[in-house]
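> Got a predicted model here, sequence first, then my questions.
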Amino acid sequence: MGSPVSPLMANMFMEHLEEKLHATVPKELKPKLWKRYVNDILEVVRKGSVEELTEFVNKLDESGSVKFMYEVEQDGKLPFLDLLLVRTRTGRLKLQIYRKPTHTDQYLNFNSSGY
């Protein structure tokens, strides 16, 4: 399972990387928005700079134990956690519940454990 302090240590490490990022990121790569929940990050960056920013962030962890990846919105939609962020024609943001394409809506019966 792992140590009970593992989530705390992982969060502290991610905070350390964030502080390092915000202190050293070049102005042209600086995200307009950076929101993190555990290991999922929602960021708004200048168009065309996402690959360069990801490369920069990946170099911050000298141990190589963390590798950042990115997902770009498709058709004005971007899944984040259990939300689907939808950009409307007017430029506003609409939130919807997101389910992965593999989600089946099938759940275990409460009494299935046999106890």
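Nice, thanks for sending it over. Numbering: from 1, shown residues only.

> Which positions within the longest helix seen in the chain qualify as buried?
Secondary structure of the chain per DSSP state H: the longest helix is helix 6-24. By neighbour count with 16 or more other CB atoms under 10 Å, helix 6-24 contains the buried residues 14, 17, 21. For the C-beta atoms, the positions are set from N, CA and C on the backbone; glycine is no exception.

> residues in contact with it?
34, 36, 38, 39, 56, 57, 60, 61, 66 (CB atoms under 8 Å, 6 or more residues apart in numbering).

> Where neighbours are concerned, which of those residues has the most?
residue 57 (22 neighbours; other CB atoms under 10 Å).

> Hmm, that residue is touching residue 67, no?
No - assessed by CB atoms under 8 Å, residue 57 is found out of contact with residue 67, at 9.6 Å.

> Need the residues touching each of those two.
Common neighbours of residue 57 and residue 67 (CB under 8 Å, 6+ apart) do not exist.

> quick one on the thing from earlier: what is the distance between the longest helix of the chain and the centre of its chain?
The chain centre lies 14 Å from the centre of helix 6-24; the measure is CA atoms, centre = their mean, to the nearest Å.

> got it, and stretch 72-81?
Worked out by CA atoms, centre = their mean, stretch 72-81 lies 12 Å from the chain centre.

> who's in contact with it?
Residues outside stretch 72-81 that contact it (CB under 8 Å, 6+ apart) are 37, 40, 42, 50, 71, 84, 85, 86, 87, 88, 98, 100.
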